[in-house]
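Chemist: A structural model of the following input is requested.
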Amino acid sequence: MAIKVENSVVALEYEVKEAGTTEIVDSNKGATPLEFITGKGQLIPGLEAQIAGMNEGESADIMVKAADAYGDIKPEAVQKLPKEQFEGVELEEGMMLYGQGEDGQQVQVIVKSFTDDEVTIDYNHPLAGKDLMFSVVIASERDATDDEIAAGTVGGKEHCGNGGGGGCGCDC
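Modeler: Numbering: from 1, shown residues only. Down below sits the predicted model:
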């Protein structure tokens, strides 16, 4: 059965590289497949759009442009903050830090640089502005249950069953 645009539960095995490189930036090959419900915004849009119509067991290499992945780099997402806000943190350029945003959601930032007085951080996703090449295998596909559709999650629970924050764009 082909994957529908909405309300299919898909288990996806994937490997992703920045387009034009050989370095794997994320993968779940050999591990538990990523499960999501189509049409719920749980996967980056460009990838979800291109797997619609694929069948269980099918594999494909899929190019996703930056705008349809993690978006373009937003200059306004780079901010300077007082260094005292990072007290107790041994800062290094390029390190990732996690905190809580204004809306209570977990946020990830990258330390771009720092001085004795301030820290420049970047709220852009690390893959923002990058075209991505996915190698995917559709491990399984089925219709979502009424409970799953209502809850918006596989299993119909009020939380994400895959651990959340998945590298493949799952924001649950």
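
Chemist: and after the helix or strand of the chain with the lowest mean pLDDT, which helix or strand comes next?
Modeler: Averaged element by element with mean pLDDT, DSSP states H and E, the chain has its least confident helix or strand at strand 96-100 (a mean of 86). Taking DSSP states H and E as the definition, the helix or strand that follows strand 96-100 towards the C-terminus is strand 106-114.

Chemist: Can you read off the pLDDT for the residue in the chain sticking out farthest from the centre?
Modeler: Distance to the chain centre peaks in the chain at Asp116, reaching 33.4 Å (criterion: Cα atoms, centre = their mean). Predicted confidence (pLDDT) for Asp116: 93.

Chemist: can you check Gln79 too?
Modeler: Note on Gln79: pLDDT of 93.

Chemist: Go ahead and confirm it touches Val119.
Modeler: No. Gln79 is not in contact with Val119 according to Cβ atoms under 8 Å; the separation is 9.0 Å. Quick note: C-beta positions are derived from backbone N, CA and C, even for glycine.

Chemist: Same drill for the two, tell me which one is more crowded.
Modeler: Between Gln79 and Val119, counted using other Cβ atoms under 10 Å, the more crowded position is Val119 (21 against 13).

Chemist: quick one: that one is in a strand?
Modeler: Yes. Using DSSP: H, G, I helix; E, B strand; the rest coil, the secondary structure at Val119 is a strand.

Chemist: Going by residue numbers, what spans are helices in this structure?
Modeler: Remark: helices assigned in the chain by DSSP state H are 45-51, 146-151.

Chemist: For the longest one, name the packing helices and strands.
Modeler: Packed against helix 45-51, as judged by 3 or more Cβ pairs under 8 Å, 6 or more residues apart in numbering; DSSP states H and E, are the following elements: strand 59-64, strand 132-143.

Chemist: burial of Gly152, as a residue count?
Modeler: 18.

Chemist: typed the wrong thing, it's Glu87
Modeler: Other residues near Glu87 number 7, with proximity taken as other Cβ under 10 Å.

Chemist: pLDDT at it, what is it?
Modeler: The model reports Glu87 with a pLDDT of 89.

Chemist: Give me the below-cutoff pLDDT ranges for the protein.
Modeler: Applying pLDDT under 70 to the chain flags the ranges 1, 157-172.
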